[in-house]
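*Asks:* okay, predicted coordinates and the sequence, questions at the end:
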Amino acid sequence: MVTSLSAVLRKSDGPFSIEEVTLEEPRPDEVLVRVVAAGMCHTDMLARLPALEALLPAALGHEGAGVVEAVGSQVEGLAVGDHVVLSFDSCGHCSPCLTGRPAYCATFELRNMSGRRVDGSTGARLVDGSEVSARWFGQSSFGQYALTTARNTVKVPSDVPLELLGPLGCGIQTGAGAVLNEMKPGPGNNLAVFGAGAVGLAAVMAAKLSGVREIVAVDVHTSRLDLALELGATRVVNGRDEDVLAQVVGDTGGLDFTFDTTGVGSVMQVAVQALARPGLCVLVGAGQDEFSIAPTALIGRHVTFVYEGSAVPQLFIPELVEHYRNGRFPLDRLVQSYQLADIDRAEADSVSGAVVKPVILIPSPEQQETR
């Protein structure tokens, strides 16, 4: 058993509380990770939806980075002391997993959004002995320790700051992967990104890596549009302007690829309408909005919703780390750090758009004892 100081969400409309959570010993296929830092993603805020009220109380966080503390007897390829990034969980034996598409695992939602293991257990308890959901995306990394599985724990080089790498586990992986794994554009293509948050800006950087000819970024925050230009966008459009569709299309005649991160119905509709024929629109925004479009508007056009950038984390995350190390993927430009005690402010800044990617720094047990 290990005690973790963790951020716990008890009520959907309430603040986080910093509490002691007791974690079980790792099972044979599990890994105990001491978390150094964890990115905050808008997906963490889904736990505030009424539909997920049964999840609470919950320790959230699904972009963890840390150091392996213990491994189960069946775990291979990981050892105590390894630096790791925590990503989404998958079963490893369903058809999508066996064909290299773990983001579409048959049990993805159960493993990642129930807050529990597949057998219904959480592996964690609060001080009063009651259960707390602590398997959010197979990790619940807003705390000093996380119980993960071997499949969602990715070894990374020890010479890259863990304080930066957590967002590679979900948000950055989603944006970059949507471009590099799903769209696979080339130098002659053009692409529009709707929403210049962490996911959208990761897509912009990935498009630049691919040599995409024209990269259009759309957002309502001028500061984010300015950053998009610095990171590789060739044009920007303010989403509050009139006739956004015409501005996005410009003189291209239509975009080869569009990417929506907003989940807003009207924006998704524009993303489809802005396509050329043929063209591909990739959606990732985890909102509740819907949009409608005439079937004939889809002639030669394709629309898909992508989980986790269609990535295999053990392959894709190290690839992104190498791009960062070589100066081709400056993910540090997106990050602002917060202490665990300031997690509510980090969430508020993320919701308001004041910060692109909050990263929560987790105090080590040694730091906690010296306070």
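*Replies:* Received it, and whenever you're ready, just let me know what you need. Just so it is clear, the structure is predicted and the values come from calculations on it, not from any experiment.
*Asks:* got the phi/psi numbers for residue 13?
*Replies:* Note on residue 13: backbone dihedrals following degrees, to the nearest 10 are phi -110, psi 20.
*Asks:* ok, and the closest non-adjacent residue to it?
*Replies:* residue 48 (7.0 Å; C-beta to C-beta, 6 or more residues apart in numbering). All C-beta atoms are positioned from the backbone trio N, CA, C, and that covers glycine.
*Asks:* ditto for residue 179
*Replies:* residue 206 (3.9 Å).
*Asks:* what's the host helix or strand of the one you found in contact with?
*Replies:* Per DSSP states H and E, residue 206 falls inside helix 198-209. Residues outside helix 198-209 that contact it (C-beta atoms under 8 Å, 6 or more residues apart in numbering): 39, 41, 167, 171-180, 185, 191, 193-194, 196, 215, 217, 219, 224, 227-228, 231-233, 259, 261, 284, 323, 328-331, 334, 356-357.
*Asks:* mean confidence for it?
*Replies:* The pLDDT scores in helix 198-209 average 98.
*Asks:* stretch 164-181 now?
*Replies:* What stretch 164-181 shows for mean pLDDT is 98.
*Asks:* let's number from 44 now, not from 1
*Replies:* Sure, I'll start numbering at 44, so the last one becomes stretch 207-224.
*Asks:* now do the helices in this structure.
*Replies:* 138-141, 151-156, 205-208, 214-220, 241-252, 265-274, 287-292, 308-316, 356-368, 386-395, 408-412 (DSSP state H).
*Asks:* mean neighbour count and distance to residue 68 for those - can I get that in TSV?
*Replies:* Converted to TSV, these look like this (neighbours: other C-beta atoms under 10 Å; distance: least, C-beta to C-beta, whole Å):
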stretch	mean neighbour count	distance to residue 68
helix 138-141	14	26
helix 151-156	19	20
helix 205-208	22	24
helix 214-220	29	29
helix 241-252	28	34
helix 265-274	17	43
helix 287-292	17	53
helix 308-316	20	45
helix 356-368	19	24
helix 386-395	17	27
helix 408-412	10	17
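*Asks:* output these in CSV; the columns should cover distance to residue 336.
*Replies:* Below are those laid out as CSV (distance: least, C-beta to C-beta, whole Å):
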stretch, distance to residue 336
helix 138-141, 27
helix 151-156, 26
helix 205-208, 38
helix 214-220, 23
helix 241-252, 22
helix 265-274, 26
helix 287-292, 13
helix 308-316, 6
helix 356-368, 31
helix 386-395, 29
helix 408-412, 53
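*Asks:* quick one: closest of those helices to residue 107.
*Replies:* helix 205-208 (9.3 Å; C-beta to C-beta).
*Asks:* contacting residues around residue 280?
*Replies:* Contacts of residue 280 (C-beta under 8 Å, 6+ apart): 259-261, 268, 287, 290-291.
*Asks:* could you give the bridge partners of it?
*Replies:* Residue 280 has these beta-bridge partners by DSSP bridges: residue 261.
*Asks:* show the pLDDT at it.
*Replies:* Residue 280 is given a pLDDT of 98.
*Asks:* residue 197 now?
*Replies:* So residue 197 comes in at 98 (pLDDT).
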